[in-house]
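Q: what shape does this take:
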Amino acid sequence: MAASAVICLGWLALNRRPRLFLVVLFSLIVANIAFWAVIGQSPAALPGYYLSQLALSAPYSEAMAQTGNERIFLFIAAAFVTLFLFSHLATRKTADLSVARLLFALFLFMSFKAGFTRQDAHQLIGAAALLMTPLVLPLALPTALRPWRTGVLFAICAALCLVGGYSIQRKYSVSTYDFAWSQIRGGYAALFSHLKNPEQNARAYEEFRKRLSGMWPLPTLSGSSDLYSVNQGWLLASDNLYNPRPIPQSYSAYSKRLAFINRDHLRAETAPDNIFFAIQPIDKHLPALEDGASWPLIWSRYRMEGEAKGYLLFRKKSSSGKAAETGLWTGKGAFDRPVAVPPGERMIMAEIVLKPSLFGKVMGILLRLPELQMLLELSDGRFIAHRFIASTAETPFLLSPYVGDGNDFAAVTRVAQGIPMEDDEFSLVRSFRIVAEAKSSWWTRVCWQKIFTVKLTALEGKIPKIQIYRPPTVAEMPENLPELGRVSGVIDDITLKNEAGFAALFIAGWLTGQTPPPGSSFFVNIGGQRQLLSRATSPDYFATGDIQPSLVQSAFRGVVFLPDLPDGRHNLTIEAVDQDGTGFRTLTNHADAESRPSDVWLVRKGDEWNLKF
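A: Below you'll find the predicted structure:
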């Protein structure tokens, strides 16, 4: 909207139309203030709102990017044909029409960015743009062509846009009419309802708050409270006084500036008195990258006092100091090469500066940067892979010991606060490497610089007990354990990393149907040899907010070495094993076009491995 307004106002100024210029400028200002006031906001806060949106949108393309399916090419093809029609077939090449075409090109580009930077339900934005395109095609007419030829070209372009838009939105089981109507009705119906009967909305909100609080009740604490890292609805539904950080959802603090804003909030006098804390990364992010710069302040300024409903409870201390830091090492790392972490029983913070290349910066503007992964080698023999966000990694984050869930964070907190428990075990990070996603390895190397800077700092506190080294070989399983049947699930990601002397497989997914009893474990079975996978929280649970306890720990993820098997084809399956010894269930992949098929095979030929579906 801002870019369109600047283009229009600039054109009016250049063409010396002062009256129309003032009318448009005045209308924009009044409309913004009026609608802002209608929703109960102060007009003085409007400039700050736009500035904050700029800070959030600039790093979005890297941090929140998500690759998807080939539907992006449907949008590109339809958009290019339409722009060609606008630019080359119109005879009325007036300045006014040139501005109109520029605005239309901007509309298509912004729809493209909004819909396909993150290829999930955001693709519906691109679908809506294509479905509306035939309505503005007549602006390119009349042309120098004969009327029937003009009609044919118009029909071809309109059909391409409609087919492309329908093909994109039909994946989400929404009819074209319902989708378009819901977009129009949803926004205006809510506004008119608020203006007509504001008390009704307040009552509906209170009823929903009580229902939500009953499903997931949080204890009421004295003073103000904040919740890390997502699902602030649980806290809003409780009777606690909500005191959020400036960027309330931790995954949205995806730049150095935003992460430091949240960190500085904890230093201020207005910091919350209580914190509900949970590890809830999205998109397979490294957990320590989501508000990781705030972790040392949580350890030094808050005291851990218990746990409730899956959240650790922290209470602000009456007095606090700053955690002592000691510089360990500053140097360079190379893309796709291991970086050794200095040994020692201590907590290590890292700052990593990895910049996109010039070509990568251009691609970030046009669409998105390719995703990066951080592969961690742990002291217990595991290899863990996570999504690596370069813009966030420039802020200090905990590199070692590895924190993968709330139990790990609680153990690290006890070390930082000088009250370690004998039963606490820690997996130290021996080395890490930043690698490309296998599906876009060459593309990633073009878009990112090959050399990055690493700064490691040690925090005060000694790790009391390190998990012993356990090579990732065949995992033990009770003998003669019966198969209890099948379980529906999704293999969300399966990536093969195959280089000289290094062959590993990253697997992630979750169950969608019947789940094994609480406490079960997940194994990947490759050619009859099993390796243990880590348990994780299902993304379905946090994405939908459904209160289904069976979904909470129904996800699996991990990096496993490929076993020593003979040349040939070896079946890969995921098994959910009951720890009580009753049996196991084999995952049958959910029937979804975006998921991996049920049959997954690994083919070995010498030192080379390949995935087959």
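
Q: report the rounded mean pLDDT for stretch 397-417.
A: For stretch 397-417, mean pLDDT rounds to 89.

Q: quote the end-to-end distance of it.
A: 17 Å (Cα to Cα, to the nearest Å).

Q: what's the answer for stretch 337-355, then?
A: 16 Å.

Q: mind checking the SS state of the closest residue to Gln232 other than its chain neighbours?
A: Distances taken as Cβ to Cβ, 6 or more residues apart in numbering place Pro248 nearest to Gln232, at 5.6 Å, with adjacent residues excluded. Yep, even glycine has a C-beta here, placed from its N, CA and C like the rest. Classification of Pro248 by DSSP: H, G, I helix; E, B strand; the rest coil places it in coil.

Q: and if you look at the one 10 residues further on?
A: Recorded secondary structure, Leu258: helix (three-state DSSP).

Q: what's stretch 126-135 in contact with?
A: The contact list for stretch 126-135 (Cβ atoms under 8 Å, 6 or more residues apart in numbering) reads 72, 74-75, 78-79, 82, 107-108, 111-112, 114-116, 157-158, 161-162, 164-166, 168-169, 176, 179-180, 183.

Q: hmm, 6 Å instead?
A: Phe75, Ala78, Thr82, Ser111, Gly115, Ala158, Cys161, Gly164, Gly165, Ile168, Gln169 (Cβ atoms under 6 Å, 6 or more residues apart in numbering).

Q: equivalent analysis for stretch 3-21, please.
A: So stretch 3-21 is in contact with Leu28, Val99, Leu103, Leu106, going by Cβ under 6 Å, 6+ apart.

Q: list the buried residues of that stretch.
A: Cys8, Leu9, Trp11, Leu12, Phe21 (16 or more other Cβ atoms under 10 Å).

Q: equivalent analysis for stretch 521-533, please.
A: For stretch 521-533, using 16+ other Cβ under 10 Å, the buried residues are Ser521, Phe522, Phe523, Val524, Asn525, Ile526, Gly527, Gln529, Arg530, Gln531, Leu532, Leu533.

Q: pLDDT score assigned to Asp564?
A: In this model, Asp564 is scored at 76, pLDDT.

Q: ok, now Tyr469?
A: Predicted confidence (pLDDT) for Tyr469: 42.

Q: for Val435, helix, strand, or coil?
A: Taking three-state DSSP, the label given to Val435 is strand.

Q: beta partners of it?
A: With DSSP bridges as the criterion, Val435 is bridged to Gln373.

Q: thought it was touching Asp336?
A: Yes. Counting by Cβ atoms under 6 Å, Val435 touches Asp336, with 5.1 Å between them.

Q: neighbour-wise, which of these two wins?
A: Val435 (21 against 17; other Cβ atoms under 10 Å).

Q: which residues sit in contact with the more buried one?
A: If you count contacts by Cβ under 6 Å, 6+ apart, then Val435 has Asp336, Gln373, Leu375 around it.

Q: and these, which is closest to Thr67?
A: Gln373 (12.7 Å; Cβ to Cβ).

Q: and the gap between the closest one and Ala504?
A: Distance, Gln373 to Ala504, using Cβ to Cβ, to the nearest Å: 11 Å.

Q: name the element Tyr315 belongs to?
A: You called it Tyr, but residue 315 is Arg. Secondary structure assignment for Arg315, by DSSP states H and E: strand 311-316.

Q: what does that strand rub up against?
A: Strand 311-316 has contacts (Cβ under 6 Å, 6+ apart) with Asp273, Asn274, Ile275, Phe276, Phe277, Ala278, Tyr302, Arg303, Met304, Glu305, Gly306, Ala410.

Q: good, we can wrap up now.
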